[in-house]
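Asks: Just a sequence and a predicted model for now, questions to come.
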Amino acid sequence: MKWNEVSLSIQEAKGILIDCSLEVGNKIHGQNLEPPPPPVTIHRPSPKQRRRRNVPVLACSLQSHNADDNHNVVGGRSKTELQRIPDYSPYDDVSKDPNNNTNMLPRPLSSTHSSNSVSHLRVAYQGVRGAYSESAAEKAYPYCEAVPCEQFETAFEAVERWLVDRAVLPIENSLGGSIHRNYDLLLRHRLHIVGEVKFAVRHCLMANHGVKLEDLKRVLSHPQALAQCEHTLTKLGLVREAVDDTAGAAKHVAFHKLNDTGAVASSTAAMIYGLNILAQDIQDDSDNVTRFLMLAREPIVPGTDKPFKTSIVFSLEEGPGVLFKALAVFALREINLTKIESRPLRKQLVGASDDNNNGYPKYFDYLFYVDFEASMADQNAQNALGHLREFSTYLRVLGSYPVDTCML
Ligand SMILES: O=C(O)C(=O)C[C@]1(C(=O)O)C=C[C@@H](O)C=C1
């Protein structure tokens, strides 16, 4: 069995696609996203727009001329068709497809596409200008046009609808833990992880000029940022209020000229929105790192020339020791796991049967997300997934991508 044969069946893929086609109506910074126009198109910024950074996504209908997106017609079929029927990818079990024709597969990105060499890309991130996610997008793709999105889901949709080329979204933080919403969205959408970015997050407490620390009664920020500054904010006795992103908090405080409210955000956000920094490095631990995922419509070809990591999601039959057995497939082959996360399994997403637990309905089924240190180009990793597949009820490779070894 080949690495690309380990994934959900075509039937299951259909289920996910149908589900995600129902999810419409999100907004990219105030603009309603219409259902995808036929044919699928992408907004290519004019040279003038390209010079203006952070232009929010506009649904418009110019054809793509991006070298990276040259798969509009694949094997005689338009990209539109390929997206409506099962989303072909090297991760799908093509051997189960009666119409299997590898010529129809979109050409995967090469592993260099995930590296810093890609410029002129439009990269979606969640938040407004000055958000940590914007900095992470710029670290992942220097010279890219970073495109702000209101919600995580909007960023996923923007990639799927060819409005942008990539998305960079947070997945875990060394102090605050996992960003569960993005784990759930990874399953619901059919994007591929093509890279990761680790970003050192250094929070500042900021307020309008003239406002002193003792004037503050409350503080606004993203829930993750508030959690990362728990001790400091408790010591200061500030009431915490959660908003969509850290830079959005700074913008709100500045825009409304609040004089009893501060924001927890980056020094970049303080500069952009003209706020005064009252305290620096207020995170509970100086090692505060957020890991972001780089997402694309197509996977990269995994390599063995540098350290690679692979992310998978699976579910298991009920029974004693099944999780132990699942993890043993990696231990037996000396493959190191770097992350394990469990999330509730929503049956309609993976097409699982409505099974009973000794006659009692079962409410608590789980999906397991695992990251391991190996490339899917490595036979050892392929063997491990082949083994796991023997007793998993669902298995999908989310991506095999280079490890980020450079901290910013
Ligand atoms: O609000 C921001 O600035 C973000 O980029 C989001 C986010 C997150 O979701 O975890 C990213 C990094 C920090 O951990 C705090 C917040």
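Replies: Yes, it's here. Residues are numbered from 1 along each chain as shown.

Asks: So which bits of the stretch 51-200 of the chain are right by the ligand?
Replies: Contacts of the stretch 51-200 of the chain with the ligand, taken as CB under 6 Å from any ligand atom, map to 127, 131-133, 170, 173, 179. (Each C-beta comes from the backbone N, C-alpha and C, glycine too.)

Asks: do that again at 5 Å, thanks
Replies: Counting by CB under 5 Å from any ligand atom, the positions of the stretch 51-200 of the chain adjacent to the ligand are 127, 131-133, 170, 173.

Asks: now swap in the stretch 251-400 of the chain and tell me
Replies: Checking the stretch 251-400 of the chain against the ligand by CB under 5 Å from any ligand atom, the hits are residue 290.

Asks: where does the stretch 251-400 of the chain dip in pLDDT?
Replies: Along the stretch 251-400 of the chain, the model assigns pLDDT under 70 to residues 347-364.

Asks: Is the residue of it found nearest the ligand in a helix, a strand, or coil?
Replies: Shortest the stretch 251-400 of the chain-to-the ligand distance, computed as CB to the nearest ligand atom: residue-wise this is residue 290, at 3.9 Å. Classification of residue 290 using DSSP: H, G, I helix; E, B strand; the rest coil returns strand.

Asks: going forward, begin numbering at 43 instead of 1
Replies: Taking 43 as the first residue, the last one we looked at is residue 332.

Asks: okay but it is in contact with residue 211, surely?
Replies: No: using CB atoms under 8 Å, residue 332 makes no contact with residue 211, being 10.3 Å away.

Asks: which one is residue 259 nearest to, not counting chain neighbours?
Replies: In this structure, residue 259 finds its nearest non-sequential neighbour in residue 302, 4.6 Å apart by CB to CB, 6 or more residues apart in numbering.

Asks: Next up, the contacts around the one you found.
Replies: 253, 257-260 (CB atoms under 8 Å, 6 or more residues apart in numbering).

Asks: Quick one: residues contacting the residue of the stretch 293-442 of the chain closest to the ligand.
Replies: Counting by CB under 8 Å, 6+ apart, residue 332 makes contact with 174, 178, 212, 214-216, 240-241, 243, 266.

Asks: who does it bridge with?
Replies: Judged by DSSP bridges, the bridge partners of residue 332 are residue 215, residue 241.

Asks: What of the one 10 residues further on?
Replies: With DSSP bridges applied, residue 342 shows beta-bridge pairing to residue 151.

Asks: ditto for residue 211
Replies: With DSSP bridges applied, residue 211 shows beta-bridge pairing to residue 335.

Asks: Pretty sure it sits against residue 167.
Replies: Yes: counting by CB under 8 Å, residue 211 does reach residue 167; the two are 7.2 Å apart.

Asks: That's all I had, so thanks and see you.
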